[in-house]
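[1] Quick one, structure for this:
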Amino acid sequence: MYIISVIPISRGIGKETLSYFTSSSVEKGALVTVPLRKKNIEGLVVDVEDARMMKSEIKRADFALRKIGTLVSVPFLSSAFMQTVQETAEFHACTTGAVLKILLPKRYIDAFKKPKKTSKVKSVEDGLLHQVVIAPEKKNGALLPSSIYEIPADSKEIILEEIGSNSYKGMTRPFIDFRFALRVYAKHIGARIIENDFTLLPRTKKLLCEHKKGEGKNFNSLGDQIKSALKNLPNKEESHLFLLGTRTGAGTVLCQDCGDSVLCKRCNAPLTLHTKKENEEYNNLLCHHCGYRETAMRACERCGGWRLRAFGFGIEKIEEDVREFVKKQKIKTKIFRLDSTLKLTPKKITVLVSEYFSEPHAVLIATEIALPYLVSSSHHIDVCCIPSPDSLLALPDFNINQKLWRLLAMLDEVSKTAVIVQTRNPQHKLLEDWEHNNEKEFKAREDVERKQFNYPPHSIMIKISLKGKKEKIGKDMKTIENQLTEWKPIVFPAFIKTINNMHILHLLVSIPAKSWPDQDLLDVLLSLPPSFEINVNPNSLL
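    Okay, the predicted model is just below:
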């Protein structure tokens, strides 16, 4: 009889390895099925011992060993792939099995379990390609960021396109940054990494315009430059205009009597104002976090006043102003709108973008959800506009400058002639750098500020989140804070403090990049119960 140690290929399992017995010898690296709780899962054999040599350990064990299920395959993972998995797990403070669950596609495991006579399972050792392209969205000939297993071991170059895309960071546990994993794998197979992203194009004319509400006037989201671009639409045989809204509805709704914000009754997030639909009597207040909706005909819950007002604007306001202007100026053009509230599938978004480009004169008003589809299209847009980037710049997020710069660079990519940006603050250094194509200066200043404030890549940020009843999570988080005193943790509430009456707390630890992984800190993190969510170098701290 043999005792084998298995890495469970599953998320949500706190232990790195599990022990089982088998009557026949199994090779290290073999794929097996093992019983866990009330189901069978796949596991990777990492150690095999003769049970006769472990009699005393077996007797002292406080659990009963279970027998493995079936042998799925002989060893098939290369050492480069396994080293990548182990280093990625260590970097992200999670188990090797959790990383294997993501990096080893289920279809390959299923193919091993039910092999077809006419097919061959491709492994990292297969393939004749010497150059591999990785892209955050599906493209012809490109692999997705999680497709490390499919990269041939003899590849000479791995090209990471759109490296600044948030799609390279996992959205669920263990929140893997695939850029890290890809760089590690390239190192182990001796391949060169080439990283690309959108950059400013000097050929594109950049217009930075100050736009504020005039005294005694109703605010209009369209400044003179955008109005001029709308007027010029019919002057060409084909002409298209794109307006990028940074949010859907109007901004924060405030009581003008007491200054209180109107918050969601379900999750406590700020509500935004949305224009009523044809079959509705009043405008709506909508929560973009949990979907809660109520009529805008309501009083302030704090003082009972009725003078509620929305500050800021989104694409509904932009669409309203565009339709009013083209009607008044008798401009013949078709207007399209695209945002998350329409709940369109990727296929339907592709169809809508195609319809937009098929019109000789058309205006598309959309949030950033449309940008990947415009970038991948073979068409270019005459003029692109951001009516107001100010709401983005106001967010207390350490990545917001890079996010806005990338949006501006993407507009450069899709624009044929010009990009227009309206703002209340044209003296903002980022916008001035953009207007003058000073990308080098922007990146240098951003790096200095990140070093000064101890932001990535000069540090490793570890965000630990806990959700539950207010009193309990406060007590539990205090316990963890005491365990992490050596690393000077900071505890703070989430930007959206509650979801479905469940409170959310974050704890932040920041250490120098050269000091990670810190084994002592890693041991504490790996000992935390599953209720604590660990995210290493998150896209946002909010």
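
[2] Phi and psi next, for I460.
    When read as degrees, to the nearest 10, the backbone of I460 gives phi -110, psi 120.

[3] For the stretch 1-150 of the chain, which residues score under the pLDDT cut-off?
    Within the stretch 1-150 of the chain, the stretches with pLDDT under 70 are 54-63, 114-129.

[4] got it, and the stretch 201-350 of the chain?
    For the stretch 201-350 of the chain, the ranges with pLDDT under 70 are 214-217, 246-251, 288-289, 311-312.

[5] in the stretch 301-450 of the chain, which spans are strands?
    In the stretch 301-450 of the chain, the strands defined using DSSP state E, counting those that start in this stretch lie at 308-310, 334-338, 361-366, 381-386, 415-423.

[6] Which residues does stretch 71-88 contact?
    With contacts defined as Cβ atoms under 8 Å, 6 or more residues apart in numbering, stretch 71-88 is touched by 26-33, 42, 44, 96, 99-100, 103-104, 109, 112-113, 121, 123-125, 148-149, 153, 176, 180-181, 184-185, 188-189. Where C-beta positions appear, they are placed from N, C-alpha and C, glycine not excepted.

[7] which residues does I349 contact?
    338, 369-370, 373.

[8] Quickly note the distance from it to E137.
    Counting by Cβ to Cβ, to the nearest Å, the separation of I349 from E137 is 12 Å.

[9] end-to-end on stretch 92-109?
    Terminal residues of stretch 92-109 lie 24 Å apart, using Cα to Cα, to the nearest Å.

[10] tell me which residues of that stretch are tucked away?
    By neighbour count with 16 or more other Cβ atoms under 10 Å, stretch 92-109 contains the buried residues 92-104, 108-109.

[11] Please compute how far it lies from its chain's middle.
    Centroid separation for stretch 92-109 versus its chain: 19 Å, with Cα atoms, centre = their mean, to the nearest Å.

[12] Also stretch 184-193?
    25 Å.

[13] re the thing from before, could I get the strands of the stretch 301-450 of the chain as JSON lines with mean neighbour count?
    Conversion of those to JSON lines gives the following (neighbours: other Cβ atoms under 10 Å):
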{"stretch": "strand 308-310", "mean neighbour count": "18"}
{"stretch": "strand 334-338", "mean neighbour count": "18"}
{"stretch": "strand 361-366", "mean neighbour count": "24"}
{"stretch": "strand 381-386", "mean neighbour count": "25"}
{"stretch": "strand 415-423", "mean neighbour count": "21"}
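
[14] For I496, find the nearest of those strands.
    strand 308-310 (19.1 Å; Cβ to Cβ).

[15] Now find how far off-centre stretch 143-161 is within its chain.
    Averaging C-alpha positions (Cα atoms, centre = their mean) puts stretch 143-161 20 Å from its chain's average.

[16] Now that L143 has come up, it's in contact with P152, right?
    No: checked against Cβ atoms under 8 Å, the pair L143 and P152 is beyond contact range at 10.7 Å.

[17] between these two, what contacts are shared?
    By Cβ under 8 Å, 6+ apart, the residues touching both L143 and P152 are V132.

[18] just to revisit the earlier point, which of the buried residues of stretch 92-109 fall within helices?
    Secondary structure from DSSP state H places 96-103, 108-109 of those in helices.

[19] Pick the one among these closest to N535.
    A98 (13.1 Å).

[20] which ones are touching that closest one?
    Taking Cβ under 8 Å, 6+ apart, we find A98 in contact with 10-13, 89, 173-174.

[21] hmm, which two among these are most spread apart?
    G12 and A89 (14.3 Å).

[22] Mind checking which of these two has more residues around it?
    Between G12 and A89, A89 has the larger neighbour count (other Cβ atoms under 10 Å), namely 24 against 12.

[23] which ones are touching the more buried one?
    95-96, 98-99, 174.

[24] a markdown table please, covering those and showing distance to P270.
    As requested, those are exported to a markdown table (distance: Cβ to Cβ, whole Å):
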| residue | distance to P270 |
| --- | --- |
| T95 | 38 |
| T96 | 41 |
| A98 | 34 |
| V99 | 37 |
| P174 | 30 |
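
[25] Max pairwise distance over these: which two?
    Pairwise over the contacts of A89, using Cβ to Cβ, the maximum falls at T96 and P174, 10.5 Å.

[26] Need phi/psi at L285.
    phi -100, psi 120.

[27] isn't it right next to T275, touching?
    No: between L285 and T275 there is no contact under Cβ under 8 Å: 11.6 Å.

[28] Find me the pLDDT at the residue nearest the centre of the chain, would you?
    Centroid check for the chain by Cα atoms, centre = their mean gives N166 as the closest residue, at 4.0 Å. pLDDT for N166: 93.

[29] can you tell me how far it sits from E368?
    N166 is 11 Å from E368, by Cβ to Cβ.

[30] can you give me the helices for the stretch 401-542 of the chain?
    429-435, 439-452, 470-483, 519-526 (DSSP state H, counting those that start in this stretch).

[31] Now mean neighbour count and mean pLDDT too, for these, in a markdown table please.
    Shown next, in a markdown table, are the helices of the stretch 401-542 of the chain (neighbours: other Cβ atoms under 10 Å; pLDDT from 0 to 100):
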| stretch | mean neighbour count | mean pLDDT |
| --- | --- | --- |
| helix 429-435 | 18 | 96 |
| helix 439-452 | 13 | 96 |
| helix 470-483 | 14 | 96 |
| helix 519-526 | 14 | 96 |
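
[32] hmm, back to that, list only buried entries from the contacts of stretch 71-88.
    26, 29-33, 42, 44, 96, 99-100, 103-104, 109, 123-124, 148-149, 153, 176, 180-181, 184-185, 188-189.

[33] Which residue ranges of the stretch 151-300 of the chain form helices?
    Listed in chain order, the helices of the stretch 151-300 of the chain (DSSP H, counting those that start in this stretch) span 178-189, 224-231.

[34] Which stretch among the ones you listed is buried most, on average?
    Per residue and on average, the most neighbours among the helices of the stretch 151-300 of the chain fall to helix 178-189, with a mean of 20 (mean count of other Cβ atoms under 10 Å).

[35] relative orientation of that helix and helix 96-103 in degrees?
    100 degrees (axes from the mean of the first three to the mean of the last three Cα atoms, to 10 degrees).

[36] How far away from the center of its chain is helix 178-189?
    A distance of 20 Å separates the centroid of the chain from that of helix 178-189, by Cα atoms, centre = their mean.

[37] tell me what it is packed against?
    helix 79-91, strand 157-160, strand 192-195 (3 or more Cβ pairs under 8 Å, 6 or more residues apart in numbering; DSSP states H and E).

[38] Adding distance to N218, write these out as JSON lines.
    Putting those into JSON lines (distance: least, Cβ to Cβ, whole Å) gives the following:
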{"stretch": "helix 79-91", "distance to N218": "53"}
{"stretch": "strand 157-160", "distance to N218": "47"}
{"stretch": "strand 192-195", "distance to N218": "47"}
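
[39] shouldn't T367 be in contact with R337?
    No: judged on Cβ under 8 Å, T367 makes no contact with R337 at a distance of 9.6 Å.

[40] Please enumerate the shared neighbours of these two.
    What both T367 and R337 touch, as defined by Cβ under 8 Å, 6+ apart, is the set I315.

[41] Surely V34 is within a strand?
    Yes: assessed by DSSP: H, G, I helix; E, B strand; the rest coil, V34 belongs to a strand.

[42] Roughly how far does it sit from S24?
    On the measure of Cβ to Cβ, V34 and S24 end up 15 Å apart.

[43] who's more crowded, those two?
    When V34 and S24 are compared for neighbours, V34 comes out ahead with 22 against 8, by other Cβ under 10 Å.

[44] any idea how far the more buried one lies from K330?
    For V34, the distance to K330 equals 73 Å [Cβ to Cβ].

[45] Please apply the same query to V536.
    Taking Cβ to Cβ, one finds V536 at 57 Å from K330.

[46] Comparing those two, which shows the higher neighbour count?
    Taking neighbours as other Cβ under 10 Å, V536 and K330 compare with V536 leading, 22 against 7.

[47] For that one, which residues are in contact?
    V536 makes contact with 91-93, 175, 177, 460-462, according to Cβ under 8 Å, 6+ apart.
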